[in-house]
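1. This is the structure alone, sequence omitted:
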């Protein structure tokens with residue numbers, strides 16, 4: 001059982017009014033650091049921060065398939081580190097079709113998993129192009 005004062009370490013998914021999923025986080029006002037966690041100060045330089053939202057698009061940096069049972073999740077489960085456009089790198093659940101998404105492929109944030117974990121789906125159309 002988690003401690004009563006424990007903080008959920010997962011990034012917080014938010015649904016915009018236009019139906020787009022994004023991740024809440026922060027942007028440092030002193031250095032170029034971004035984070036998917038809502039720290040009171042910049043984790044890089046200690047400077048002041050402002051709230052930011054990231055996504056919906058990103059590029060897969062690394063991915064894998066977990067094929068053993070882990071903490072109530074039924075295997076196989078695809079996981080990926082995704083570099084969100086103009087944002088941080090985050091760990092997300094990814095589609096399994098039949099493997100995890102390829103490194104360098106474009107993805108978009110989708111509704112979180114039933115357990116509340118951030119998730120992505122394959123990008124299509126204009127979202128499939130690499131952001132500049």
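-> That came through, no problem. Please read all numbers here as calculations on a predicted model, not as lab measurements.

2. so how far is residue 57 from residue 78?
-> 18 Å (C-beta to C-beta, to the nearest Å). C-beta coordinates here come from the backbone N, C-alpha and C atoms, glycine included.

3. For the lengthiest strand in the chain, which helices and strands make contact with it?
-> In the chain, with assignment by DSSP state E, the single longest strand is strand 57-66. The contact analysis (3 or more C-beta pairs under 8 Å, 6 or more residues apart in numbering; DSSP states H and E) places strand 57-66 against strand 77-84, strand 89-94, strand 106-110.

4. got the ones you listed as JSON lines, with mean neighbour count, mean pLDDT and distance to residue 63 columns?
-> What follows is those, written out as JSON lines (neighbours: other C-beta atoms under 10 Å; pLDDT from 0 to 100; distance: least, C-beta to C-beta, whole Å):
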{"stretch": "strand 77-84", "mean neighbour count": "21", "mean pLDDT": "96", "distance to residue 63": "4"}
{"stretch": "strand 89-94", "mean neighbour count": "21", "mean pLDDT": "96", "distance to residue 63": "6"}
{"stretch": "strand 106-110", "mean neighbour count": "22", "mean pLDDT": "97", "distance to residue 63": "10"}
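
5. got TSV for those strands, with distance to residue 41 too?
-> Shown next, in TSV, are those (distance: least, C-beta to C-beta, whole Å):
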stretch	distance to residue 41
strand 77-84	21
strand 89-94	20
strand 106-110	26
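
6. For residue 101, list the residues it contacts.
-> 60, 63, 78, 80, 94-95, 107, 120, 122 (C-beta atoms under 8 Å, 6 or more residues apart in numbering).

7. Lovely, talk soon.
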